[in-house]
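J.: Fold the stuff below for me.
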Amino acid sequence: MNKLLTALAIAITVSLSGPLYASGDHDSDHSHGLMASNAAATQDAGAQSAAADNDADHPWLTAGGAQLAADDLAAATEALGAQLTDEESVIDVRRDADDKTWAVVLGGFCKSETDCTQYTRELSLDQQDLQAGLSGAQPADMKLNIVPMTLPSVHMANVVIQAQVEPFRGNQSGLAGNDDVKRVQQGLNAVGISTTVDGWYGNGTTSAYATWQRRLGYSGLDATGIPGPSSLTSLGSGRFVVTNKILVGSRTTFAGKRVNTRTSAMLTAAQRLFGRSISLTQGSYNAGGVGASAGTHDGGGAVDINISSLSQTQVWQLVKALRTVGFAAWYRPTSASWNRHVHAIAIGDTDMSLSARNQVADYYVGKDGLAGHRPDNTPAAYRVPFTWWEKY
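T.: Next up, the predicted model:
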């Protein structure tokens, strides 16, 4: 747990032995080094939950309904940079009475799967405060609000994996996210988007979640029904704390081709296992670039790898290395549509296209990811158990 969350945990542990905070604004609270404001105090956990649902001091609980443009949230996230932890997401941007701009940041931490604490920080987006934060200093103008409720957790990676396998391949009993998916389904129903609460992330839940993403202002690849960290965090406001987040990062390059930060890290790790350089013939975010790709490279996490100088044994070694770090990877022999290459999809990438998602589903059930859905042609010696980058 990083320093910020450690400080928050200490603050809450101490606070729960008595009133969390008295009503009203507070000056600097040295138990956590941040400014606390407007957190209602009560000893009874049930009363806490009921109070939080109706407390005007907690407007962030419905921040997801503000329909703020996704671009505004992304710009705020980029501006805050290292001031955000991996456990936090920007869920709103607002101006106060003094015309000062704030990012509302939602985060949380858990003692167990069913005992989590949620909090919001309001971080200044004014240039002077941003410069102070980015230089390593803690901005003085910052607000913290801890919600005195015990909430369950949602394991984001488990939800995303089910969202990438089950719409195309049906309910899979071997996947670990059923309880997490149920909490997401309950959250969708709570915001007025109907879906069955059964732990199966099928096409109905995919459609419902895409509706939620569009309500938040997302579109295109950001509204496919595959949960991203910001939309899932917003859905969890007052309902659950998101753990095990998948963060694909910004767009960058690997071997001269466009990918995201997560895919680049995965390729670097696979290259290390393989022991040879990996050269790409096609990267990600290449909508319409190669017709034979059938849309798999439209979004994130998709790459084609040049194997022209490799022996067949080396090709299989490369496939194994890619699969080991969390790619759905296959050897593609020369055909009428393409030259010999290795095709790979980064399992769990939240930016991937739906055609890439369906290839992940094929990989999970031992298929080749092509239109005919034939059995995987990889020799048994080069297969590995299904995994993804964060699990690796």
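J.: contacts, neighbours, all on C-alpha from now
T.: Fine.
J.: List the contacts of the residue nearest in space to the middle of the chain.
T.: What sits nearest the mean C-alpha location of the chain, by C-alpha atoms, centre = their mean, is P229, with 3.2 Å. Neighbour list for P229: 89, 156, 245-247 [criterion: C-alpha atoms under 8 Å, 6 or more residues apart in numbering].
J.: What of S284?
T.: By C-alpha under 8 Å, 6+ apart, the contact set of S284 is 257-260, 297-303.
J.: same thing with D368?
T.: With contact taken as C-alpha under 8 Å, 6+ apart, D368 is in contact with 330, 359, 362, 374-377.
J.: Just flag the most distant two among those residues.
T.: Pairwise distances across these peak at 14.4 Å for Q359 and N377 (criterion: C-alpha to C-alpha).
J.: Looking at the two now, which is surrounded by more residues?
T.: Q359 (25 against 12; other C-alpha atoms under 10 Å).
J.: doesn't G369 make contact with that one?
T.: Yes. The criterion here is C-alpha atoms under 8 Å, and Q359 meets it with G369 at 4.5 Å.
J.: Inside strands: which ones of the contacts of S284?
T.: For the contacts of S284, the ones inside strands are 257-260, 302-303, with DSSP state E as the criterion.
J.: Closest one of those residues to G217?
T.: N260 (21.9 Å).
J.: Low-confidence stretches in the chain?
T.: Applying pLDDT under 70 to the chain flags the ranges 1-69, 131-142, 147-149.
J.: And it, split by domain according to the record?
T.: Structural domains assigned to the chain are 3-151, 155-243, 251-382, following automatic domain parsing.
J.: Please identify which of the ones in strands among the contacts of S284 is nearest to A70.
T.: Looking across those and measuring by C-alpha to C-alpha, the closest to A70 is N260, at 18.4 Å.
J.: With adjacent residues omitted, what lies nearest to the closest one?
T.: Excluding its sequence neighbours, the residue lying closest to N260 (C-alpha to C-alpha, 6 or more residues apart in numbering) is R251, at 4.2 Å.
J.: ok so, going back, tell me the one of the contacts of P229 nearest A190?
T.: M156 (18.8 Å).
J.: And the closest one, its phi and psi?
T.: Main-chain torsions, M156, degrees, to the nearest 10: phi -60, psi -40.
J.: any idea how far V319 is from it?
T.: Counting by C-alpha to C-alpha, to the nearest Å, the gap from M156 to V319 is 27 Å.
J.: With L310 instead?
T.: 12 Å.
J.: The two - which one has more neighbours?
T.: Between L310 and V319, counted using other C-alpha under 10 Å, the more crowded position is V319 (25 against 12).
J.: Tell me how far the helix or strand hosting the more buried one lies from the chain's centre.
T.: Of the helices and strands defined by DSSP states H and E, V319 is found in helix 312-325. In terms of C-alpha atoms, centre = their mean, to the nearest Å, the gap separating the centre of helix 312-325 from the centre of its chain is 27 Å.
J.: before we move on, what about stretch 194-209?
T.: Relative to where its chain is centred, stretch 194-209 has its mean C-alpha point 18 Å off (C-alpha atoms, centre = their mean).
J.: Then stretch 375-383?
T.: Computed by C-alpha atoms, centre = their mean, the separation of stretch 375-383 from the middle of its chain amounts to 30 Å.
J.: Quick check: end-to-end length of that stretch?
T.: Per C-alpha to C-alpha, the first residue of stretch 375-383 is 13 Å away from its last.
J.: buried sites along it?
T.: 376, 378, 383 (16 or more other C-alpha atoms under 10 Å).
J.: Against N377, how distant is the last one?
T.: The one in question is R383. Taking C-alpha to C-alpha as the measure, R383 and N377 are separated by 10 Å.
J.: now swap in N306 and tell me
T.: 18 Å.
J.: for the stretch 51-200 of the chain, what spans make up the strands?
T.: Assigned by DSSP state E, counting those that start in this stretch, the stretch 51-200 of the chain shows strands spanning 89-95, 101-112, 115-124, 142-151, 153-155.
J.: Quick check: buried residues in the second one?
T.: Within strand 101-112, the residues that qualify as buried by neighbour count (16+ other C-alpha under 10 Å) are 101-110.
J.: Can you tell me which helices and strands it packs against?
T.: When contacts are defined as 3 or more C-alpha pairs under 8 Å, 6 or more residues apart in numbering; DSSP states H and E, strand 101-112 sits against strand 89-95, strand 115-124, helix 229-235, strand 241-243.
J.: Show me the contact partners of it.
T.: By C-alpha under 8 Å, 6+ apart, the surrounding residues in contact with strand 101-112 are 5, 9, 60, 76, 87-96, 116-126, 153, 233-234, 237, 241-243.
J.: And the strands in the stretch 251-392 of the chain?
T.: If you assign secondary structure with DSSP E, counting those that start in this stretch, the strands in the stretch 251-392 of the chain sit at 251-254, 257-260, 280-282, 302-306, 327-332, 341-346.
J.: neighbouring strands for the last one, and are they parallel or not?
T.: Each strand that strand 341-346 pairs with, and the sense of that pairing, follows from DSSP bridges: strand 302-306 (antiparallel), strand 327-332 (antiparallel).
J.: Pick the most buried one from these.
T.: strand 327-332 (a mean of 26; mean count of other C-alpha atoms under 10 Å).
J.: what's that one in contact with?
T.: Contacting residues not belonging to strand 327-332 are listed as 315-316, 319, 322-323, 340-347, 359-360, 363, 368, 376-378, 387-389 [C-alpha under 8 Å, 6+ apart].
J.: Just the buried residues of those.
T.: Judged by neighbour count, with 16+ other C-alpha under 10 Å as the criterion, the buried members of the contacts of strand 327-332 are 315-316, 319, 322-323, 341-347, 359-360, 363, 368, 376, 378, 387-389.
J.: so how far is A210 from the residue nearest to T387 when sequence neighbours are not counted?
T.: Leaving aside its sequence neighbours, T387 sits nearest to G326 (C-alpha to C-alpha, 6+ apart; 5.1 Å). With the distance defined as C-alpha to C-alpha, G326 ends up 25 Å from A210.
J.: Those two: who's more crowded?
T.: When G326 and A210 are compared on other C-alpha under 10 Å, the one with more neighbours turns out to be G326, at 26 against 22.
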